[in-house]
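> Dropping a prediction and its sequence here:
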Amino acid sequence: MIKKILMGLGIFFVVIVIIGMASGPSKKTSNEPVKVESTTQGQEQVQETQKQTEFKVGDVVKMGEREFIVNSAKRMSQIGQYQSAKAGKEYIVVNVTIKNGGTSEISYNPFDFKVQNSNGAQEDQSFAVLDDPLRLGTLIGGGNVTGSIPFEVTQGDTNLKLIFQPSVWSKEKIVVAL
């Protein structure tokens, strides 16, 4: 008799848990990149009506709690006094800002970035000594970091894209036309 009562209570609790999970919050948070615009009052609003797949230099792009801005992209044949690009190549030094709009820590890494050339080939950063390099680290909630990342690309390639993919486990990424 006691076994039947305990089994009945167990089944009852399992049913309650299943119902609770099914009727839980249905709002999904999206990590898809969206452009953030500033209003005249200085407040930010997210444009979700049009999903962009590619952004431009200066756009504030929000992905989850992370805001990302490409501040500038400068082409140069040499970095500093001793680092010259190989023949037929040039450097493009991309300056970025990453902001943590959430409350939990997020990590950042210069290897989260690749440059894609007009042939579709994606390459990691080049080794170069910069005055303001983006290093790897962690941002607390509300924190931000700005730094530069050098890439060696084919000279004169005008169809370059910066790809920011903060997680190798996710296909979500931000693409910025340089």
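Structure received.

> When you work out contacts or count neighbours from here on, use the C-alpha atoms and nothing else.
Fine.

> what's the neighbour count on Lys114?
20 (other CA atoms under 10 Å).

> Sticking with it, tell me its helix or strand.
strand 113-116 (DSSP states H and E).

> What pairs with that strand, parallel or antiparallel?
Taking DSSP bridges as the criterion, strand 113-116 forms sheet pairs with strand 122-123 (antiparallel), strand 161-164 (antiparallel).

> What helices and strands are in contact with the helix or strand following the longest one?
Just to be clear, that refers to strand 161-164. For strand 161-164, the following helix or strand on the C-terminal side (DSSP H and E) is strand 174-177. For strand 174-177, the packing partners by 3 or more CA pairs under 8 Å, 6 or more residues apart in numbering; DSSP states H and E come out as strand 55-56, strand 161-164.

> what does strand 174-177 contact?
33, 53-57, 61, 70, 159-165 (CA atoms under 8 Å, 6 or more residues apart in numbering).

> Skipping adjacent residues, who's closest to Ser126 in space?
Once flanking residues are discounted, Ser126 sits nearest to Phe151: 4.9 Å by CA to CA, 6 or more residues apart in numbering.

> For the host helix or strand of the one you found, which helices and strands make contact with it?
Using DSSP H and E, Phe151 sits in strand 144-154. Contact here means 3+ CA pairs under 8 Å, 6+ apart; on that basis strand 144-154 packs against strand 89-100.
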